[in-house]
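*Asks:* predicted model and sequence below, questions to follow.
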Amino acid sequence: MKLCDHTALELAEMLRKRQCSAKEIYLDTLQRAKEKQDSINAYITFNDEAEKAAEAVDNMLADGKELTLIAGIPIAVKDNISTKGLRTTCASKMLSDYISPYDAFAVERLKSAGAVIIGKSNMDEFAMGSASDTGYYGAVRNPVNTSYSAGGSSGGSAASISYGGALLALGSDTGGSVRQPASLCGVVGFCPSYGAVSRYGLIAFASSLDRIGAIGRTVSDTFILHNIINVADPKDVTMSDIFCSFNLKGELKGVKVGVVKELFDCFMDDDVRSSVMAAIKLMEKNGAVIKEISIPSIRSAVNAYYIISSAEASSNLARYDGIRYGYRSDGSGSLAEMYRKSRSEGFGTEVKRRIMLGTFVLSEGFCDDYYKRAAALRRRLCAEFNEAFEQCDIIAAPVYPQAGIKLGESKDPIDVYSADVFTVPSSMAGLPSISIPCGKNKEGLPVGLQLIGNRFCDNMVFDAAYGYELVGGGIND
Amino acid sequence: MTELESVIGLEIHAELKTNTKIFCGCKNTFGEAPNSQICPVCMGLPGTLPRLNSKVCDFAVKMGHALNCRINKVSRMDRKNYFYPDLPKAYQISQSDIPICGKGSLDILVGEKIRTIGITRIHIEEDAGKLIHDADYRGTLCDLNRCGVPLIEIVTEPDLRSTEEVRVFLENIRSILRYIGISDCKMQEGSIRCDVNVSMHEKETPLGIRCELKNVNSFSAAVRGIEYEIKRQTAIIENNGHIERETRRWDDKKGISILMRNKENAQDYRFFPEPDLGTVILSDERIDSLKAEIPELPNQKIIRYVSEYGLNCSEAFLIADAPDKAELFEQCIVKSECLPRSAANRIVGEITKYLNDTGKSVWETKLTADELSKLCAAAEKGIVSSSGAKTVLAELIENGGKVEEIIERLGLAQNSDYEYLCKLADDVIANNQRSAEDFKNGKTNALSHLIGQAMKLSKGKADPQKVKEIILNKLKTEE
């Protein structure tokens, strides 16, 4: 067993017992990452400064300094999170040579905690996609079976955790982009409450939905990373000031678990349904109280989501005009032509589709029918979630209707969007949720269980997931 | 056809003089080296987030109070989306549906009439950068220093009816902005700009189709632009044409407006709520305490000066326009040692000239209301001649001091003593018998010679007005 096959917590302890050095951990992980790069394509850029960071941790250990639990742990950072001096591409031709002059707040936190940022992980272009196959740098393959996708959009982050190319990773979740690839790669992915983690430096896709989430091999690994970034940042005014520190107990007894009947009426693979049902049964067996609940608007959330997220994206991505930074088309004549050519050539198909959709739904004459209706539905959904959480503590649901996404098959975008039905509702309501492995399908592809909590009850989500993991959930052998 | 009337509405943008920009900590300054006052936030770099400077809200609320606006305790920031190289995010953070200040009004004095101009709204927004077309460089340069400079936009109802009203209204707005200390209003720095909406209609009929005039960079340009627009639209209507809803660009050098956009290719800004900022919430306490900071405003002062002290509109405006002059004037009135009219004359005359020449404010000179009142009173009583008073005033402004001492020191006292003047008149008439005879024989200019001799004899100290009266009297009684 190599160092990179341990959990982050195990390595943290080994470091303290001097059973290994941070540099050894880093080199071991880097070797694995590079071995698998051709087959998995989890990374866009490796960080040349990482070795120095690992050495610095070793020096601090030698000096007897007190370290955080993630000190010396190799961490992958999704390539839409700004890193000073290390290019941040959003997997887009548009930003293929963009180097941010500043660190994202979450990256600042990682650096000051002594984390070793191993590299920038591959993703869907501007985080738009479900299979990490829309980016300029090619698709991310699933380490469990390379003819399948790692999921998306944080596919590189989830895949690297799965195969040992990183111990922990930061992803971003707008409509399921942390949870879904975690589910497909068989790892744990947490999407915090909106406002629990600063978005400063996360390159915006849909500002009212975007969140930075932690990915790890276990609930506790994921939890220690989340704890580092769950800190107030005055630069993000949409942050809440609610921060509750807590320890994982894993108590399932008396936890009221809601099962939303509208979600289980949705299409999903039989293997997915049976795995999720089995997980819920296991929680019940260990003292959880299962309650069927109803959230009438929950299935419309996906329609409203694609309107709101695309609307915000059309505005957020308008700044990529080829003028100040990023891709600029050669030989363009007029200003309008330069805009048109640079954007036509710099963006991929999926991004252009969303920009056009978003522009349309905000246009005069259509805004009332689309954007404003979607915003109204979002408010209704939030109210229904509020009611639901009066009856239960946690909602259990699938993450994705399928256990695997075959790469290379052409798919109707509408079908791809519809498959986000399970992850999008909590995104729209700003709720915390986690994906934790709960089984495999017939081909051995992982299936995830999603646990959703009330706003700012991130601790309850972690605790329920930890409880489930303790009683034998998860597929980490 | 009955006479056409012009209907005008304004959108005035004023830069606010907060210390820092609206959404980041960069300094809000003018005239620095290009792209030296910028950070990732105001450059709109990927991943950055705005933070609203609360001073901007305070300033906007103050203007709202000054224009009697309803203050919205909850307002919202929105994105206005459009592409332009000076707008690095490709959207301007502004306010659309719910501005910080709602309806209000401003009373202005035009000619002899008080006109009430409706205010539609005041909202806050960020300024864009500046494009520079440099002759030495083939292409366009972009200076982002101005990105994120806070602005308020004041929108009026279509209540203005003439260029004169527009001029007076804009002057009042500028005075108010200065009075409440929220904007420098330096036209040449572009810190106040406006867009103008003009339409024509026959009185008592519905309003006509309006055209919007953009790129109006000074008040005088606004007046010229509107005059041009009125002529242009009138000509179209008189030739039985129809006015189209258009946005036109004013070219002040050429003195013409040029079509920018018509109805078909109108801009769609695709407004939607800014997701990176929360709603703007103002407490009652904050709104009230800002209201308490609003002094009596120039438009109110102008009306008061005209009605209470008998000044004319332009004198009243000249004094009320600047807080320092208004303060000086009002302190003189409180002392009531001199007539308001004499104080006003000095302020509108020599004092304003001095301030204009030096660029100073009253507060930067040595002049006090105490001494100005004394000087005016002395001049009223003839203790000092009018030219002597000018000398004293210049001394007060430059070096300060007491009026009596300066008169004494510079020997400017004027003798108004009746007995002294009678004796003086007798001496002059006795020594200039020929002139006295000439006068009696109908040569009226002989009087000036006699007065001149009296002034000479008194070494300039005699009150010329009184000397004239006494000599005249004596010559007539001698007949």
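*Replies:* Structure received.

*Asks:* for chain B, what's its nearest residue on the stretch 1-150 of chain A.
*Replies:* Per Cβ to the nearest Cβ, A:Ser82 is where the stretch 1-150 of chain A lies closest to chain B, at 4.5 Å. Every C-beta, even on glycine, is put in place using the N, C-alpha and C of the backbone.

*Asks:* and for that residue, the neighbour number?
*Replies:* Using other Cβ atoms under 10 Å in any protein chain shown, A:Ser82 has 28 neighbouring residues.

*Asks:* what does B:Ser386 give?
*Replies:* Count around B:Ser386 with other Cβ under 10 Å applied: 11.

*Asks:* phi first, then psi, for the nearest residue to it once chain neighbours are set aside.
*Replies:* Distances taken as Cβ to Cβ, 6 or more residues apart in numbering or on different chains put B:Ala379 closest to B:Ser386, at 6.5 Å, once the chain neighbours are dropped. Main-chain torsions, B:Ala379, degrees, to the nearest 10: phi -70, psi -40.

*Asks:* so A:Phe246 touches A:Asp458, yeah?
*Replies:* No - with contact defined as Cβ atoms under 8 Å, A:Phe246 does not reach A:Asp458; the gap is 9.1 Å.

*Asks:* quick one, which of these two is more surrounded?
*Replies:* The residue with more neighbours, out of A:Phe246 and A:Asp458, is A:Asp458; 27 against 12, by other Cβ under 10 Å.

*Asks:* OK, contacts around the nearest residue to that one once chain neighbours are set aside?
*Replies:* Using Cβ to Cβ, 6+ apart and skipping the chain neighbours, the partner closest in space to A:Asp458 is A:Pro432 (4.2 Å). Counting by Cβ atoms under 8 Å, 6 or more residues apart in numbering or on different chains, A:Pro432 touches A:190-193, A:196, A:426, A:452-453, A:455-458, A:461.

*Asks:* who wins for neighbours among those residues?
*Replies:* A:Cys191 leads the contacts of A:Pro432 on contacts (other Cβ under 10 Å) with 33 neighbours.

*Asks:* ok, now which ones touch the closest residue to that one other than its chain neighbours?
*Replies:* Residue nearest to A:Cys191 in three dimensions, not counting chain neighbours: A:Asp173, with 4.0 Å by Cβ to Cβ, 6+ apart. Listed by Cβ under 8 Å, 6+ apart, the contact partners of A:Asp173 are A:154, A:179, A:189, A:191, A:210-213, A:427.

*Asks:* and which of these is nearest to chain B?
*Replies:* Nearest to chain B among these, with distances taken as Cβ to the nearest Cβ, is A:Asp210, at 9.0 Å.

*Asks:* chain neighbours aside, what residue packs nearest to the closest one?
*Replies:* A:Thr174 (5.1 Å).

*Asks:* what values do phi and psi take at that neighbour?
*Replies:* According to degrees, to the nearest 10, A:Thr174 has phi -110, psi -40.

*Asks:* correct me if wrong: it contacts A:Arg211.
*Replies:* Yes - contact criterion Cβ under 8 Å: A:Thr174 and A:Arg211 qualify, at 7.4 Å.

*Asks:* okay, residue 123: pLDDT?
*Replies:* All of this refers to chain A. Note for A:Met123: predicted pLDDT of 98.

*Asks:* not what I meant, chain B
*Replies:* Looking at B:His123, its pLDDT reads 98.

*Asks:* residues contacting it?
*Replies:* Counting by Cβ under 8 Å, 6+ apart, B:His123 has contacts B:60, B:75, B:94-95, B:99-101, B:152-153, B:155.

*Asks:* distance check, the residue most central in space within chain A against chain B.
*Replies:* Central residue of chain A (Cα atoms, centre = their mean): A:Val178, 2.0 Å from the mean position. Distance, A:Val178 to chain B, using Cβ to the nearest Cβ, to the nearest Å: 17 Å.

*Asks:* does that residue touch A:Gly171 like I think?
*Replies:* Yes - counting by Cβ under 8 Å, A:Val178 touches A:Gly171, with 4.1 Å between them.

*Asks:* in the stretch 301-450 of chain A, what residue lies closest to chain B?
*Replies:* Ranking the residues of the stretch 301-450 of chain A by distance to chain B (Cβ to the nearest Cβ) places A:Ala318 first, at 3.4 Å.

*Asks:* what backbone torsions are found at the residue in the stretch 1-150 of chain B that chain A sits nearest to?
*Replies:* Taking Cβ to the nearest Cβ as the measure, the stretch 1-150 of chain B has B:Ala90 as its residue closest to chain A, at 3.4 Å. B:Ala90 adopts backbone torsions of phi 70, psi 20, taken as degrees, to the nearest 10.

*Asks:* which parts of the helix or strand where A:Leu263 lies are buried?
*Replies:* Here A:Leu263, judged by DSSP states H and E, is contained in helix A:261-264. Neighbour-count burial for helix A:261-264, counted by 16 or more other Cβ atoms under 10 Å in any protein chain shown, picks out A:262-263.

*Asks:* tell me the helices and strands packed up against the next helix or strand after that helix.
*Replies:* Under the assignment DSSP H and E, the closest C-terminal helix or strand after helix A:261-264 is helix A:270-285. For helix A:270-285, the elements it packs on are strand A:256-260, strand A:289-293, strand A:394-398, strand A:433-440, strand A:446-453, helix A:458-470, judged by 3 or more Cβ pairs under 8 Å, 6 or more residues apart in numbering or on different chains; DSSP states H and E.
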